[in-house]
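# for reference, the sequence and a predicted model appear below.
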Amino acid sequence: MDSADALLSQCVLKPGFQKGYKVPVNNKSKTVVKRDKKRQEAKTKGPNWFNLPATKITDSVRHDLDLIRMRSALDTKRFYKKNETEAYPKYFQIGTVIDSPFECKSGRLTNKQRKKTMVDELLADAEFKQTTKKRYKGILMANPKLALKVRKENRKMKKLKKKRK
């Protein structure tokens, strides 16, 4: 008897164990459970896509996506395939490009040239600014009415700036 009592004292199941454990009650209907499951599934692309999360679209992300969409206007000598839809993608990720240690140092960007977004990088690029100015001037020269309108708007802006000071 003593050996049986010793064994029972080591046992996990003790008298009154059923009071401590209760089966969870499910008050949700099948439709509510299905709706919740669909909402959870919509947050990621799924296991086939390694649960790629739905990215929140902020202003800076929107500007970068617009820049990618309009890349054919940036480099007119290259052909880019037309976008299928005008809507922003729901599932995507943004990463950073890491320079290869095998690449020569002259080909890399310096820390000063690196910016947070692609738009900032383009605005800082002197060669890009020069080519866009040339194209802008070419458009204005081709259409004299548009050039006159732009000059008037520039004058208005200068007056407004003087008033602010």
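Happy to help now that I have it.
# got the domain boundaries for the chain?
The chain breaks down into these domains under automatic domain parsing: 31-109, 125-165.
# following element in sequence after the helix or strand bottoming out on mean pLDDT in the chain, please.
Lowest on mean pLDDT, DSSP states H and E among the helices and strands of the chain sits helix 17-20, with a mean of 69. Under the assignment DSSP states H and E, the closest C-terminal helix or strand after helix 17-20 is helix 30-42.
# sorry, back to before: export the domains of the chain to JSON lines and append columns for distance to residue 5, mean neighbour count and mean pLDDT.
C-beta: built from backbone N, CA, C; applies to glycine. Converted to JSON lines, those look like this (distance: least, C-beta to C-beta, whole Å; neighbours: other C-beta atoms under 10 Å; pLDDT from 0 to 100):
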{"stretch": "domain 31-109", "distance to residue 5": "47", "mean neighbour count": "10", "mean pLDDT": "88"}
{"stretch": "domain 125-165", "distance to residue 5": "84", "mean neighbour count": "10", "mean pLDDT": "87"}
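# tell me which of the ones you listed sits nearest to residue 25.
When the domains of the chain are compared by C-beta to C-beta, domain 31-109 sits nearest residue 25, at 13.7 Å.
# and that closest one, how far apart are its ends?
Terminal residues of domain 31-109 are spaced 54 Å apart (C-alpha to C-alpha, to the nearest Å).
# again, but for stretch 72-80
From start residue to end residue, stretch 72-80 stretches across 6 Å - C-alpha to C-alpha.
# ok now it, how far from the chain's centre?
How far stretch 72-80 lies from its chain's middle: 23 Å, per C-alpha atoms, centre = their mean, to the nearest Å.
# and the contacts of it?
Contacts with stretch 72-80, where a contact means C-beta atoms under 8 Å, 6 or more residues apart in numbering, come from 67, 71, 122, 128.
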